[in-house]
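1. Here you go, sequence then predicted model.
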Amino acid sequence: MSEEKLQSDIVRKFSELYPLKRGQLFHVPNERITESQKLKAKSIGVFSGVSDLLHAEGLTPEKRIVLQQIISEFVSSKEMRFKLISMLTKEFNLGILNCLELKAPESYHKVTHVQQQVDWGRTMELLGNGWRIITSVEDAINFINFKPNKGLNTDEVQEMLDEAKAKNKKTIKF
């Protein structure tokens, strides 16, 4: 299976499962071939390492419950908890961006390029978003839904990269 086929399958499955969430899973076209295309892309804000698919999600009922549990440890008044959650949601945009970096199963990728992707993924995580390398439709849907079996995280991929670098390998396999 190619990366393009994997991406198409994920988008199709997401559309089937969540028809009302049209536009919340989208592709970032940051592929460039020629040097002039790369320079132009960079000048308009294209950034190396950005994930193949991004999934934007608001404060879901599940995340709201977790937020309520955390806040209830510090605020005893139910009315104050509700006001605080409403204020946080409006003022600080408590949505989330899930970043899906796609790799075809058993495919090889340049260590330097994957390092750029992991570095960008770490930046997204520091901002409170999620990032994973995804090799199957099931992992993509599970990641979007905050369920187990959801791909490789930045620490796991960094371990693979460090091992490859230690052995002077130029590529890694997913």
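-> Yep, it's here.

2. helices and strands of the protein: which one bottoms out on pLDDT?
-> helix 78-92 (a mean of 66; mean pLDDT, DSSP states H and E).

3. partners of the longest strand along the chain, with directions?
-> If you go by DSSP state E, the chain has its longest strand at strand 96-102. Strand 96-102 has the following strand partners under DSSP bridges: strand 53-57 (antiparallel), strand 130-134 (parallel).

4. Quick check: which of the ones you listed is nearest to residue 156?
-> strand 130-134 (8.2 Å; CB to CB). All C-beta atoms are positioned from the backbone trio N, CA, C, and that covers glycine.

5. can you list contacts of whichever helix or strand comes after the longest strand of the chain?
-> Under the assignment DSSP states H and E, the closest C-terminal helix or strand after strand 96-102 is strand 108-110. The list of residues contacting strand 108-110 from outside it, by CB atoms under 8 Å, 6 or more residues apart in numbering, reads 103, 170-174.

6. In JSON lines, list the residues you listed along with secondary structure.
-> Formatted as JSON lines, the contacts of strand 108-110 follow (DSSP: H, G, I helix; E, B strand; the rest coil):
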{"residue": "103", "secondary structure": "coil"}
{"residue": "170", "secondary structure": "coil"}
{"residue": "171", "secondary structure": "strand"}
{"residue": "172", "secondary structure": "strand"}
{"residue": "173", "secondary structure": "strand"}
{"residue": "174", "secondary structure": "coil"}
